[in-house]
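A.B. asks: This is the structure alone, sequence omitted:
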């Protein structure tokens, strides 16, 4: 929970109310919320910071479910957040077509500036 709080705080400080930030305690809760957005034809997130260390469904399982859910829609940009720098996860992130990067926690303002600078191009 501490790292989720720290990541959200960093995003809030960077964004200063220029975009909406949503956090979820589980992959299942996020998938349910995203399903509701699709059902109600509401705007889907443009960017997801995905923590791999989730409880029941890990980040890779979440990503697979999200791809299945969005077969008719564009995938958001996805950055992996991890406190555990596993080389296997880094390799999977590099090879995955929807993952734009792998970020070691904690998330920093400098890293956000680089991400949003790239998105703005």
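C.D. replies: Here it is on my side, so go on. Note that the structure is a prediction, hence the values are computed from the model and not measured. Residues are numbered from 1 along each chain as shown.
A.B. asks: Go through stretch 94-112 and flag the buried ones.
C.D. replies: Applying a neighbour-count criterion of 16 or more other C-beta atoms under 10 Å, one finds 98-103, 105, 107, 111-112 buried in stretch 94-112. Heads up, the C-betas are built off the backbone N, CA and C, glycines and all.
A.B. asks: Just the ones in strands from these, please.
C.D. replies: 99-103 (DSSP state E).
A.B. asks: ok, of the buried residues of stretch 94-112, which one's closest to residue 87?
C.D. replies: residue 102 (10.5 Å; C-beta to C-beta).
A.B. asks: count of neighbours near the nearest residue to the closest one once chain neighbours are set aside?
C.D. replies: Spatial nearest neighbour of residue 102, chain neighbours left out: residue 93 (4.2 Å); criterion: C-beta to C-beta, 6 or more residues apart in numbering. When counting by other C-beta atoms under 10 Å, one arrives at 23 neighbours for residue 93.
A.B. asks: Use 51 as the first number for this chain going forward.
C.D. replies: Fine by me, first position is 51 from now on; the one you just mentioned is residue 143.
A.B. asks: What is the strand or helix carrying residue 143 packed up against?
C.D. replies: Using DSSP states H and E, residue 143 falls within helix 137-145. Counting contacts by 3 or more C-beta pairs under 8 Å, 6 or more residues apart in numbering; DSSP states H and E, helix 137-145 packs against strand 127-132, strand 149-154.
A.B. asks: now do 10 Å
C.D. replies: helix 109-119, strand 127-132, strand 149-154 (3 or more C-beta pairs under 10 Å, 6 or more residues apart in numbering; DSSP states H and E).
A.B. asks: Who are the packing partners of the second one?
C.D. replies: I take that to be strand 127-132. On a contact count with 3+ C-beta pairs under 10 Å, 6+ apart, strand 127-132 meets helix 52-65, strand 97-101, helix 109-119, helix 137-145, strand 149-154, helix 159-170.
A.B. asks: Fine by me, thanks again.
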